[in-house]
Every structure is written in structure tokens, then in C-alpha cells.
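# Attaching a predicted model along with its sequence, questions to come.
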Amino acid sequence: QARTSSLSLTIVSVVNLPKVDTFGKCDAYCTLTWQGEMYKTNVIPNSYDAIWNKEFLLPFGNDQEIPQDLLLEIFDDNKIGKPKYIGEVCISRNELGSLIDS
């Protein structure tokens with residue numbers, strides 16, 4: 001029987017977000033993409049420094065290998081129109097694996 005493990009990941013915060021709207025500050029949220037699934041924090045309205053402290057449990061097949069890279073993206077939510085992309089970070093599977101091993 002295949003063993004299932006999970007990676008606990010907490011999205012803590014982001015600081016010094018850029019001004020992306022004509023009026024008001026940023027309405028930031030973070031998405032993370034893991035094994036084809038997208039996870040999302042709540043929106044922190046009207047701030048250049050968003051604090052989420054949101055924990056996600058990310059499943060993977062066994063406790064020996066991380067299957068893929070982890071992509072985190074920051075967006076500015078908009079009431080009208082599409083969210084605006086702000087930035088991203090990709091954590092490689094090797095980096096994730098070294099965090100788990102330590």
C-alpha cells in the first residue's frame with residue numbers, strides 16, 4: 001500500500017507591495033500551486049503589507065521525495081475586472097526536500 005505524506009506550509013506575510021490601483025492600496029492575496037491544485041489565502045484589503053498566517057497541508061505520494069516545485073504568486077484583487085499580477089516565487093523541489101530533511 002502506498003504511503004501518503006503531506007507538507008505543512010504556512011503563508012505568513014508579504015511586505016512593501018507596490019501601488020497598483022489608481023485609488024487605494026493593494027488588496028493582496030496569495031495563491032500556491034501544488035501538483036495541479038491551486039490554494040488561495042484570503043484577501044487583505046487596502047494594505048501594502050499583508051499578513052495571512054494561513055496554513056496549508058499539501059499531500060504527496062511518499063515521505064521520501066517531493067514530487068515537484070512549489071509556485072507562490074501574489075495578486076491584487078479587483079472588484080471589477082481581473083486580478084492584477086504582482087509577483088511570484090518558485091521553490092524548487094530540491095529546496096523543499098532540503099527543508100524537510102533538516
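Arrived safely, thanks for sending.
# quick one: contacts of the lowest-mean-pLDDT helix or strand in the chain?
Within the chain, no helix or strand scores below helix 93-101, which has a mean of 75 by mean pLDDT, DSSP states H and E. Residues from elsewhere that reach helix 93-101 (Cβ atoms under 8 Å, 6 or more residues apart in numbering): 7, 65-70. C-beta: built from backbone N, CA, C; applies to glycine.
# 10 Å - rerun?
5, 7, 9, 58, 60, 63-70, 91-92 (Cβ atoms under 10 Å, 6 or more residues apart in numbering).
# Also stretch 70-87?
7, 9, 11, 14, 17-21, 24-35, 38-45, 50, 58, 88-93, 95-96.
# low-confidence ranges in this protein?
1-3, 61-65, 100-102 (pLDDT under 70).
# where exactly do the strands run in it?
If DSSP state E is used as the criterion, the strands of the chain fall at 5-14, 28-34, 37-40, 50-60, 70-76, 84-91.
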